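Student: Task: produce atomic coordinates for the following.
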Amino acid sequence: MGEADVPGVGAAAGPFPVGPLPPGGHAVCLGRLDEWARGASAGEPVVRARSSGSRLLLRHAVAAADGTPPHHVVLDQDGHGRPVLRAPAGLDVSISHTADVLVVGVARGRRIGVDVEARDRPLLAPGLAEKFCHPEELAELRELPPAERNALLVRLWTLKEAYTKALGVGLAHDFARLRPRPVIGGGWWLEPSAPGWRLRCDPVMDGFIVARALGPDGL
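Tutor: As a prediction, the model looks like this:
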């Protein structure tokens, strides 16, 4: 299965969907912090500004995905901090941000998780890979030069983050038990441990990657 086969709209993270999402469709939308946190005060912590900016971006993405005014969108969060959409019905949502990059995901009739990371985020600290990599991934990493090793680690981390955020468990999940496998032609999958789930990873803006995880039909 290639990346083009991942159900949704558009090949990469980008603008809002044009018109309501069809059943099973999804969109991953990008924003910059200075565009979506304009109401933040000068002394407001960056983390809080990212959070409020992401929620505003998500509100507008949901409005576009459902064909409804932004003020009709009702956002909440569950006990783990995962965003929950109270209205409109039938959509699942996800948020991620790092540096000044904001990313939101919206899907109709299926779970979605998104994660954004800097492509050069250093993950080669001693013992770190062993904490979140599957044994087969560790064997593959040992065969790579350091620069390629870190690039693969960032990609794996981002994919696993997107999947566990879609589940609503985040870092509570044992990442070392997850084994995303690349598919010829592009895209990633988690079968047989997570049948029906499809993942992909895209370079965005300057120096970042965005991963998305889409569940099978049914919220």
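
Student: Now do stretch 149-164: everything it contacts.
Tutor: Under the contact criterion Cβ atoms under 8 Å, 6 or more residues apart in numbering, stretch 149-164 has outside partners 94, 96, 113-124, 129, 132-133, 137, 140-141, 144, 170-173, 175, 178, 180, 188, 190, 194, 197, 199, 201, 209-213. C-beta here means a position set from N, CA and C on the backbone, and glycine is covered the same way.

Student: Got phi/psi on the closest residue to Arg181 other than its chain neighbours?
Tutor: Of all residues not flanking Arg181 in the chain, Trp189 sits nearest, at 5.8 Å (Cβ to Cβ, 6 or more residues apart in numbering). Dihedral pair for Trp189: phi -140, psi 160, per degrees, to the nearest 10.

Student: Give the buried subset of the contacts of stretch 149-164 as a PyMOL selection command.
Tutor: Buried residues among the contacts of stretch 149-164 (16 or more other Cβ atoms under 10 Å), as a PyMOL selection:
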select buried, resi 94+96+113+114+115+116+117+121+123+129+132+133+137+141+173+175+178+180+188+190+194+197+199+201+209+210+211+212+213
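
Student: Pull the contacting residues for the residue nearest to Arg181.
Tutor: Counted by Cβ under 8 Å, 6+ apart, Trp189 has contacts Met1, Pro180, Arg181, Val183, Trp197, Arg198, Leu199.

Student: My reading is that Glu137 lies in a strand. Confirm?
Tutor: No. Counting by DSSP: H, G, I helix; E, B strand; the rest coil, Glu137 is not part of a strand but helix.

Student: Leaving out sequence neighbours, find the closest residue to it.
Tutor: Using Cβ to Cβ, 6+ apart, the nearest residue to Glu137 is Leu156, at 6.3 Å.

Student: The host helix or strand of the one you found: which residues count as buried?
Tutor: Remark: Leu156 resides in helix 146-167, with elements defined by DSSP states H and E. Buried residues in helix 146-167, defined by neighbour count with 16+ other Cβ under 10 Å: 149-167.

Student: again, but for stretch 56-76
Tutor: Neighbour-count burial for stretch 56-76 [16+ other Cβ under 10 Å]: 56-66, 73, 75.
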